[in-house]
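Engineer: Curious how this folds, go ahead:
(one chain, ligands or ions: 2)
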Amino acid sequence: MIQLPKIIKLLKMKVLNVDLGERSYPIYIGSDLIADPEIISQHIKSKQVLIVTNETIAPLYLDKVLHSLSGYQVQTLILPDGEQYKTVDTVTTIFDAFLEHQYGRSATLIALGGGVIGDMGGFAAACFQRGVPFIQVPTTLLAQVDSSVGGKTGVNHPLGKNMIGAFYQPECVIIDVQVLSTLDDRQLSAGLAEVIKYGLIRDPEFFSWLEQNMTVLLARDYAALSSAIERCCLAKAQIVAEDEKESGVRAILNLGHTFGHAIESGSGYGVYLHGEAVAIGCCQAADLSRRLGQLSDSDVDRIVAIFQRAGLPTNPPDNLSTDDYLAFMGRDKKNIDGNIHLILLARIGWAELPLTVNTDLLVATLESYGTV
Ligand code: NAD
Ligand code: GLY
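Structural biologist: Numbering: from 1, shown residues only. Ligands and ions are numbered 1, 2, ... in the order given. Down below sits the predicted model:
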């Protein structure tokens, strides 16, 4: 017989669907889900399981996930922690683990961690024996609202962020909001940058809700966090269902990212957190949108203010030159025929599809932010 606490947990759990035909999958959002054998086991096809995590997350959550997998043949791979390890070399160690344990094509990879683990785990799963199933168990707010959903996987190159990768969808995404209790404040804020992005690109009511609820989100009110996570995942699921491989609308999820990726790569991976760089990049995109006459001064002030209230930086590092930016931005994946394409805002709550922009205006934005 199912016990009452379990029934309450299941009733409170939200299940969203990423609708991609035969590659559709559920996103589970709730509490204490990572230790639940019933959810994860529905998505594992054979006995062989490889959990990929890192040295920070393993002591916190590995035992719970192992508990949910009794009866399976489980191996674990604990990687070093940090954006600087999001490399082809690290992914090779995942292939080594599969091969050393003689795992085959039906083995399931479980990525237990933030976006770095999820992106690398997913990429390894996409490549090993031309594709093994994988499950995303995101443990940062950023990964729960963005990177675990939608199947973008990959690694960095010294010359550019996420330059090597594949679109490869997971079997499911298991979001356990309780794991956010151990996340430090800086990482929580970094996740809020992507949350705010959803309000900016397509959801003005959510943007206003975030303005009203930022204090409770920062205080880790789990009802507020769950509600924000659900809204972001719903938006992402809809956008990905419409445009899985980013030939159109999916590009708006990259608001602020072209500037942000230049900041991450140009400063050295790990100096700025991804969410911090996105926050600065969204402010730069807002500034450029204002120069194009699309946003008012007060719109830009509202945008800068909400990132600041979320504890995020809004000014870029002072050691990047305009030429540095243009070089990194010139390698962005959205570019066409060498022309930089940017996502800009028509208004708060509506991002436009990628556009080429007048280089003088782009340089004016970069210089107004004090590039050297
Ligand atoms: P991260 O994976 O580096 O995690 C941040 C830090 O928090 C790490 O030190 C990690 O060990 C630690 N951590 C994770 N969960 C924890 C927990 N519950 N308690 C305590 N500590 C915990 O960073 P991130 O912000 O999660 O992800 C950033 C990465 O995601 C970047 O590489 C970015 O490019 C990528 N990303 C990918 C997509 C996508 O669509 N695939 C989207 C957005 C970002
Ligand atoms: N984070 C951008 C995307 O998934 O498309």
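Engineer: Y272 and G151, how far apart?
Structural biologist: According to CB to CB, to the nearest Å, Y272 stands 25 Å off from G151. Just so you know, the C-beta spots here come from the backbone N, C-alpha and C atoms, and that holds for glycine as well.
Engineer: Which residues are in contact with the residue of the stretch 201-350 of the chain found nearest ligand 2?
Structural biologist: Closest to ligand 2 within the stretch 201-350 of the chain is L253: 3.7 Å, counting by CB to the nearest ligand atom. Contacts for L253 (CB atoms under 8 Å, 6 or more residues apart in numbering) come out as D146, G150, K197, I201, K236, I239.
Engineer: Need the three-state assignment for the fourth one.
Structural biologist: When states are read from DSSP: H, G, I helix; E, B strand; the rest coil, the local structure at I201 comes out as helix.
Engineer: Chain neighbours aside, what residue packs nearest to it?
Structural biologist: A351 (4.0 Å; CB to CB, 6 or more residues apart in numbering).
Engineer: cool, and the first one?
Structural biologist: If you skip the residues right next to it in sequence, D146 has E194 as its closest partner in space, 4.5 Å away by CB to CB, 6+ apart.
Engineer: So for that neighbour, what's the pLDDT?
Structural biologist: Here the pLDDT value assigned to E194 is 98.
Engineer: my read is it is in a helix, agree?
Structural biologist: Yes. Counting by three-state DSSP, E194 is part of a helix.
Engineer: how many other residues sit next to it?
Structural biologist: 27 (other CB atoms under 10 Å).
Engineer: residues contacting it?
Structural biologist: Neighbouring residues of E194 by CB under 8 Å, 6+ apart: L141, L142, V145, D146, C232, G275, V278.
Engineer: all helices for the chain, in order.
Structural biologist: Using DSSP state H, the helices assigned to the chain run over residues 4-12, 37-41, 63-67, 88-100, 115-127, 141-142, 185-202, 204-218, 222-242, 257-267, 274-291, 297-309, 322-329, 359-368.
Engineer: Just name the most buried of the ones you listed.
Structural biologist: Across these, the average number of neighbours (mean count of other CB atoms under 10 Å) peaks for helix 141-142, which reaches a mean of 29.
Engineer: check whether that one contacts ligand 2.
Structural biologist: No. Contact of helix 141-142 with ligand 2 (CB under 6 Å from any ligand atom) is absent, the minimum separation being 9.7 Å.
Engineer: Counting by contacts, list what that helix packs against.
Structural biologist: Packing contacts for helix 141-142, counted by 3 or more CB pairs under 8 Å, 6 or more residues apart in numbering; DSSP states H and E, involve helix 185-202.
Engineer: Convert the C-alpha atoms of the helix it packs on to PDB, please.
Structural biologist: Extracted in PDB, the C-alpha atoms of helix 185-202 (Å, rounded to 0.1, in the frame of the first residue of the first chain):
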ATOM      1  CA  ASP A 185      24.100  32.200  -2.800                       C
ATOM      2  CA  ARG A 186      26.300  33.100  -5.800                       C
ATOM      3  CA  GLN A 187      25.200  30.000  -7.700                       C
ATOM      4  CA  LEU A 188      21.500  30.700  -6.800                       C
ATOM      5  CA  SER A 189      21.900  34.200  -8.300                       C
ATOM      6  CA  ALA A 190      23.500  32.800 -11.400                       C
ATOM      7  CA  GLY A 191      20.400  30.600 -11.900                       C
ATOM      8  CA  LEU A 192      18.200  33.600 -11.400                       C
ATOM      9  CA  ALA A 193      19.800  35.300 -14.400                       C
ATOM     10  CA  GLU A 194      18.400  32.600 -16.700                       C
ATOM     11  CA  VAL A 195      15.000  32.800 -14.900                       C
ATOM     12  CA  ILE A 196      14.900  36.600 -15.500                       C
ATOM     13  CA  LYS A 197      15.800  35.900 -19.200                       C
ATOM     14  CA  TYR A 198      12.500  34.000 -19.600                       C
ATOM     15  CA  GLY A 199      10.600  37.000 -18.400                       C
ATOM     16  CA  LEU A 200      12.500  39.200 -20.800                       C
ATOM     17  CA  ILE A 201      12.100  37.100 -23.900                       C
ATOM     18  CA  ARG A 202       8.400  36.100 -23.900                       C
END
